[in-house]
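1. Pasting a predicted model and its sequence here:
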Amino acid sequence: MESLINLDKEDRKFCLYFGVLLLLYFLPIIIAGYPVNDDYHRIFRGSSWDDDGRFLASLAHRLLGHSLTIYNPAPLPLLLSILIFTYGGLLIKKTFLPDNDALLSPLLALGFIINPFLILILVFQLDSIGIALSLVLLIIPFAIRASQFKKRLKYHACCVVFIFLSLNSYQASLGFFLSLAFIEFLYRAKQGQPVFKALSDRILQLGTGYLSYKIFLLLPVISNNARRPARSQLIEFNREGVELFASNSIEIITTTITSLSYLQLTYFTALFILSIWLSFSIYKQAKSPKKMGVAQKIVMLLLPATPFIILFSSFAHLAAIDGFWHLGKLHSLTSFSGLTAFLFLALRWRTGDRRTLLWVLTPIITLSLSFSYLTANVVKAEYEFHASTITSIVNEINDQIVDEKVPLYVAGSLPRSHYFNRISRTFPIFNALGTNIGWALMYRLSYSGCAVDKYLAAPEEMTLRNSLKEFEIIQDSHFYQISRSDDGLLLTLKGTSYSR
């Protein structure tokens, strides 16, 4: 365990270079400084992540806020996340990149950061710490060795604890551990080391960690707070369940592929094909089957399929949840970081020439930096585009109400800016940002000075009656309509949101 804390000169140099890369990558988000969706709810209500079963994320923000409620210390959460990610990059370097190349190692370790779906959730001001912890905590078990423990049981228990803590940070990252397990599997096979026991140990650790977390959620005090995980239902293990899982998997793959730009799809596909080539090469170079046990021989047959297994690991746990997936859940693909990490590592394992690696990595990382900046700027553009509309709505509502207890019902979504509509044709992934969804607007109105104290989603019957012109129309503009119903005010937004 001391090796995780003690840093030599090369480690410190790596952390400096890698930290600078991360700072460049996240700089536009830090500069923009705009709350997004859930941020407004947490700022307005002080809601933690306890309801989601993410108690470690809640604890981190309570410490930063000096309170049991949640405040907004942005951009500190993202700055702290850069430190956490830097440590994660160091662990990947020490575990899977044994050479101390001061220039190449930080570039190669950046693989798990350039997940394009990861940036979708890191634009949220208050979610970054939980996301960073969930990923880095899953890297630690691969950086520690059983030989560092007097008893092997303590080693496994330690690994399970880190998985348990990760689930308490952000559950959707769980597939990242399985991806790392198969990255380790391929790496050990490349070095001619036994793979069967190592892989079976990782699967056992993953299952035990997940089971521990599920039991933890059943505790009376915990179950009263973590309501959402309790409501999530896994698909039943029967014929219909298998068909539904396959259908969900196909939908996730299709949504993922169609959400990327053509250039992103091109270089990810090229790297994926290269990783398949690497897997077959390692399979051919593996030790002679005569020297292996039966179990070892069977497991070695998985080598050529390793890239596909890692890809599958990035979404399988999400496909297993009944009714979970839609376009707006693309930000949940944090486990896709396992695939992007593998593609960079495979590039290093397959290509030893330093100059070739730099020629390949430099444009890919530059394009990834560009995507991060584009994401931050599109969030900024949407925020500024909506600002005048929201100010107009706030002023109109404040002029109409005399009692702040009068509820405001909200229906529909804010319109998109012309810039958003244009850039989303190149990057369909931006449609998942949901910066215009109505429920987030409820809290943004109060954030912007609306005097209403109670916000509710408009029931279908109310919107139908309004469309039949049964309510008095107070204001009807190009982007919204305000009308007075029997129960309060109705705000109808005239934009479109992502389809579920």
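-> Cool, got the structure.

2. show me where pLDDT drops low in the stretch 251-400 of the chain?
-> 286-297 (pLDDT under 70).

3. Hmm, residue 495 and residue 412 touching each other?
-> Yes: at 6.6 Å, residue 412 counts as touching residue 495 under the criterion of Cβ atoms under 8 Å. For glycine as for every other residue, the C-beta is placed from the backbone atoms N, C-alpha and C.

4. Among these two, which residue is more densely surrounded?
-> Neighbours were counted for residue 412 and for residue 495 using other Cβ atoms under 10 Å; residue 412 has more, 21 against 16.

5. ok, and the closest non-adjacent residue to the more buried one?
-> Distances taken as Cβ to Cβ, 6 or more residues apart in numbering place residue 493 nearest to residue 412, at 3.6 Å, with adjacent residues excluded.

6. Spit out the contact partners of the one you found.
-> 410-415, 438, 441, 479-480 (Cβ atoms under 8 Å, 6 or more residues apart in numbering).

7. so which one among these has the lowest pLDDT?
-> In terms of pLDDT, the lowest of the contacts of residue 493 is residue 438, showing 81.

8. Not counting sequence-adjacent ones, nearest residue to it?
-> With Cβ to Cβ, 6+ apart, the residue lying closest to residue 438 is residue 410, at 4.8 Å.

9. and the helix or strand hosting the one you found, which strands flank it?
-> Using DSSP states H and E, residue 410 falls within strand 408-411. Sheet pairing of strand 408-411 (DSSP bridges) gives strand 455-457 (parallel), strand 489-493 (parallel).

10. Just give me the lowest mean pLDDT stretch among those strands.
-> Mean pLDDT per stretch puts strand 455-457 lowest among the strands paired with strand 408-411, at a mean of 88.

11. And that strand, how far out from the chain middle?
-> Centre-to-centre, strand 455-457 and its host chain are 28 Å apart (Cα atoms, centre = their mean, to the nearest Å).

12. Contacts for it, please.
-> Contact with strand 455-457 is made by 407-411, 438-439, 442-443, 445-446, as judged by Cβ under 8 Å, 6+ apart.

13. what's the answer for stretch 194-207, then?
-> For stretch 194-207, the surrounding residues in contact (Cβ under 8 Å, 6+ apart) are 141, 156, 159-160, 163, 174, 177-178, 180-182, 184-185, 188-189, 293, 295-296, 299-300.

14. Tell me which residues of that stretch come out buried.
-> 195-196, 198-199, 201-202, 205-206 (16 or more other Cβ atoms under 10 Å).

15. Dump the C-alpha coordinates for it into CSV.
-> Extracted as CSV, the C-alpha positions of stretch 194-207 are listed here (Å, rounded to 0.1, in the frame of the first residue of the first chain):
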residue,chain,number,x,y,z
PRO,A,194,-0.9,-16.8,-15.5
VAL,A,195,-4.2,-15.3,-16.3
PHE,A,196,-7.0,-17.6,-15.1
LYS,A,197,-6.7,-17.0,-11.3
ALA,A,198,-6.1,-13.2,-11.8
LEU,A,199,-9.2,-12.9,-13.9
SER,A,200,-11.4,-15.1,-11.7
ASP,A,201,-10.2,-13.1,-8.6
ARG,A,202,-11.3,-9.8,-10.3
ILE,A,203,-14.7,-11.2,-11.2
LEU,A,204,-15.1,-12.4,-7.6
GLN,A,205,-14.1,-9.0,-6.2
LEU,A,206,-16.5,-7.3,-8.5
GLY,A,207,-19.4,-9.5,-7.5
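
16. And for the residue nearest to residue 233 when sequence neighbours are not counted, the neighbour number?
-> Among residues not flanking residue 233 along the chain, residue 322 sits closest, at 4.6 Å (Cβ to Cβ, 6+ apart). By other Cβ under 10 Å, the residues close to residue 322 number 14.

17. Can you classify residue 384 by secondary structure?
-> helix (DSSP: H, G, I helix; E, B strand; the rest coil).

18. typed the wrong thing, it's residue 42
-> helix.

19. Surely it touches residue 127?
-> No: using Cβ under 8 Å, residue 42 is not in contact with residue 127, being 9.1 Å away.

20. how close does the residue nearest to residue 412 get to residue 45?
-> Counting by Cβ to Cβ, to the nearest Å, the gap from residue 493 to residue 45 is 21 Å.

21. cool, residue 319 as well?
-> As for residue 319, its distance to residue 45 is 31 Å (criterion: Cβ to Cβ).

22. Please tell me how far residue 190 sits from residue 180.
-> Distance, residue 190 to residue 180, using Cβ to Cβ: 15 Å.

23. which one of those two has more residues nearby?
-> Remark: of residue 190 and residue 180, residue 180 carries more neighbours, 28 against 17, as counted by other Cβ under 10 Å.

24. How many residues are close by the closest residue to the more buried one other than its chain neighbours?
-> With sequence-adjacent residues excluded and distances taken as Cβ to Cβ, 6+ apart, residue 180 is closest to residue 142, at 5.5 Å. Residue 142 has 21 neighbouring residues, counting by other Cβ under 10 Å.
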